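>>> when you get a sec, could you give me coordinates for this:
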Amino acid sequence: MKITLDKIGSNKTTNIATRCPHCGHHGTFLQVGLQDVYTWTRRAGSSGEYPVNYLGIRKCPNEKCQGHLFFISDDNRNILLTSPSETIPFDKENIPEKVLNAFEEAIKCHSNSCFIASAIMIRKTLEEICIERGATGNNLFKKLQDLGGKILIPQELLNGMNELRLLGNDAAHIEAQTFSEIGKEEIEVSLEFAKEILKAVYQYDNLLQRLKKLKDKGNNAT
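This is a model prediction of the structure:
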């Protein structure tokens, strides 16, 4: 995103509320003692000058984090961009490293509006799941079919894996046109679906075991 700085000024800082890209905490980010910079222009038919964009630096309100955040907002203080960019939160517990790395890259690509790259990394996440669970086949379609016999998850999620595969194909190959577009909405739905797949494959059983342990503690207490 490019902001032209031909006409700039300084202004008192204002409140910026968002989710921290470092720790995931949501809140009003704190000022760091520096005034915001604003760009301004003359509106047609008016003799006055008006702000166009505000640029500033904040820090996370979470005392354990205090990570930095650079932001750009419009004249109504709607956030247009942050750096680091905000990412979709998800539970990383019990997800194998290679699967996690692929999915985190898909999340980061989305946060930077690189939607085609995100679709490719979602597909890569499926490939890593197949490898980790020992699914075989000469292409991803065959591997996903084999994966269905190795894991216990709802059929809807298995069907969804194939849809995500097709989305990744569209992103990686010009001739593939299963989806009419690969944009923000398509990727956000795909990421949410992929999160449910990761939960089902790697987290539900672990959650069940934790629940059973709590039951055992209750039995022992009686």
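>>> please save the CA atoms from stretch 11-18 in PDB.
This file holds the C-alpha atoms of stretch 11-18, laid out as PDB (Å, rounded to 0.1, in the frame of the first residue of the first chain):
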ATOM      1  CA  ASN A  11      -1.400  15.800  14.900                       C
ATOM      2  CA  LYS A  12      -2.300  14.600  18.400                       C
ATOM      3  CA  THR A  13      -2.500  10.900  18.700                       C
ATOM      4  CA  THR A  14      -5.900   9.000  18.700                       C
ATOM      5  CA  ASN A  15      -7.100   5.700  20.000                       C
ATOM      6  CA  ILE A  16      -6.500   2.600  17.800                       C
ATOM      7  CA  ALA A  17      -8.300  -0.600  18.700                       C
ATOM      8  CA  THR A  18      -7.300  -3.900  17.000                       C
END
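>>> tell me the buried residues in the helix or strand where V99 lies?
Applying DSSP states H and E as the criterion places V99 in helix 97-111. By neighbour count with 16 or more other CB atoms under 10 Å, helix 97-111 contains the buried residues 99-100, 102-111. Using the backbone N, CA and C atoms, a C-beta is placed for each residue, glycine as well.
>>> any low-confidence regions in this protein?
The chain contains residues with pLDDT under 70 at 12, 42-49, 174-180, 216-222.
>>> show me the strands in it, by range?
Counting by DSSP state E, residue ranges of the strands within the chain are 8-11, 16-19, 26-31, 36-42, 49-59, 68-74, 79-83.
>>> nearest to Q145, out of those?
Minimum separation from Q145 across the strands of the chain (CB to CB) falls at strand 16-19, 37.9 Å.
>>> my guess is A17 meets G27, correct?
Yes: counting by CB atoms under 8 Å, A17 touches G27, with 6.7 Å between them.
>>> tell me how the protein divides into domains.
Structurally, the chain divides into domains by automatic domain parsing as follows: 8-83, 97-215.
>>> most tightly surrounded among those domains?
domain 97-215 (a mean of 16; mean count of other CB atoms under 10 Å).
>>> what is the end-to-end distance of that one?
Domain 97-215 has an end-to-end distance of 30 Å (CA to CA, to the nearest Å).
>>> would you pull up how far it lies from the middle of the chain?
Put simply, domain 97-215 sits 14 Å off its chain's centre (CA atoms, centre = their mean, to the nearest Å).
>>> which stretches of this protein form helices?
Read by DSSP state H, the chain holds these helices, from start to end of the chain: 97-111, 115-132, 140-147, 155-172, 184-198, 204-221.
>>> let me have these in CSV, extended by distance to I88.
Shown next, in CSV, are the helices of the chain (distance: least, CB to CB, whole Å):
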stretch, distance to I88
helix 97-111, 5
helix 115-132, 10
helix 140-147, 23
helix 155-172, 15
helix 184-198, 6
helix 204-221, 20
